[in-house]
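K.L.:
starting from these lines, generate the structure:
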Amino acid sequence: MILYHGSSLIVDPPIWGKGKTTNDYGRGFYCTQDLELAKEWACSRAMDGFANIYEFDTSGLAILDLNSPKYGILTWLAILAHYRSYWERGSISGQAKKYLEKHFFVSPEDYDVIRGYRADDSYFTFAKNFVSNGISLSQLKHAMHLGALGEQVVLKSKAAFRQIEYQGNIPAKAAVYAEQAMARDKEARKMYREMVREDAFADDLYMLDIMREEMTADDPRLR
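P.N.:
Purely as a prediction, here's the structure:
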């Protein structure tokens, strides 16, 4: 498959062991199959950058696909809660974080490659609002597709890094792509506000419901 990595630098080759441990799925090499999204990431600091291009061979690799029917959005959220550094403490958010990790967490460290949502900007806010009981599960699922949310592909293991090959790069101008990223995020937040103003259905599930009823990943009500 062809992958793109947006950066202010030319990354040739990607090096295993680099990156922050507090990214969505921990330390790894974060890519996308969407060229336009990679260009936005490249200009995230309002500076010109590059969409680095790679050929990636997934043969023989263990892939955790969080968007497959096997997993629900709460597995993604449990992983996010495990790695991301900011969560409120001493509140329902803190309790919810512990509950999600106990009942829904699947360790990305056991896999070579992760596929799943990204939690940039507004999307991390949506996740936090659900964890704090501010929106329902159905609203969270809907929110995660607002603003043309992209999927990311993350290389985790040494084996995965051995199977990715640099192919070149495409320059990305901040004057175009930093503004495009801001517009995407602004539109997502606008649609989110409109969604939240709508009345939730009486049978919608909230984080408190999930904890009180001790729901786990195999509960059909969460599908």
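
K.L.:
L66 contacts G116, correct?
P.N.:
Yes - contact criterion C-beta atoms under 8 Å: L66 and G116 qualify, at 3.5 Å. The way it works is simple: take the backbone N, C-alpha and C, and place the C-beta from them, glycine included.

K.L.:
return every residue with contacts to both of the two.
P.N.:
Counting by C-beta atoms under 8 Å, 6 or more residues apart in numbering, the contacts common to L66 and G116 are 76, 79.

K.L.:
between those two, which has more neighbouring residues?
P.N.:
Set L66 next to G116 and count neighbours by other C-beta atoms under 10 Å: G116 wins out with 23 against 20.

K.L.:
that one: what secondary structure?
P.N.:
strand (DSSP: H, G, I helix; E, B strand; the rest coil).

K.L.:
local confidence estimate at it?
P.N.:
On the pLDDT scale, G116 is placed at 91.

K.L.:
cool, the one 3 residues further on as well?
P.N.:
The score at A119 is 72. That number is its pLDDT.

K.L.:
and it, helix, strand or coil?
P.N.:
A119 is classified as coil under three-state DSSP.

K.L.:
going forward, the N-terminal residue is numbered 46.
P.N.:
All set: I'll call the first residue 46, so the last point we hit is now A164.

K.L.:
burial count for N214?
P.N.:
21.

K.L.:
also S53?
P.N.:
Neighbours of S53 using other C-beta under 10 Å come to 16.

K.L.:
hey, what's the closest residue to it other than its chain neighbours bridged with?
P.N.:
Distances taken as C-beta to C-beta, 6 or more residues apart in numbering place G94 nearest to S53, at 4.5 Å, with adjacent residues excluded. Per DSSP bridges, the residues bridged to G94 are A217.

K.L.:
and G94, how close does it get to Y70?
P.N.:
Taking C-beta to C-beta, to the nearest Å as the measure, G94 falls 22 Å from Y70.

K.L.:
A226 too?
P.N.:
From A226 to Y70 the distance is 21 Å (C-beta to C-beta).

K.L.:
these two: who's more crowded?
P.N.:
Relative neighbour count places Y70 above the other of A226 and Y70, with 26 against 23, counting by other C-beta under 10 Å.

K.L.:
tell me the contacts of the more buried one?
P.N.:
124, 128, 153, 159, 161, 199, 201.

K.L.:
give the contact list for G117.
P.N.:
149, 262, 267-268.
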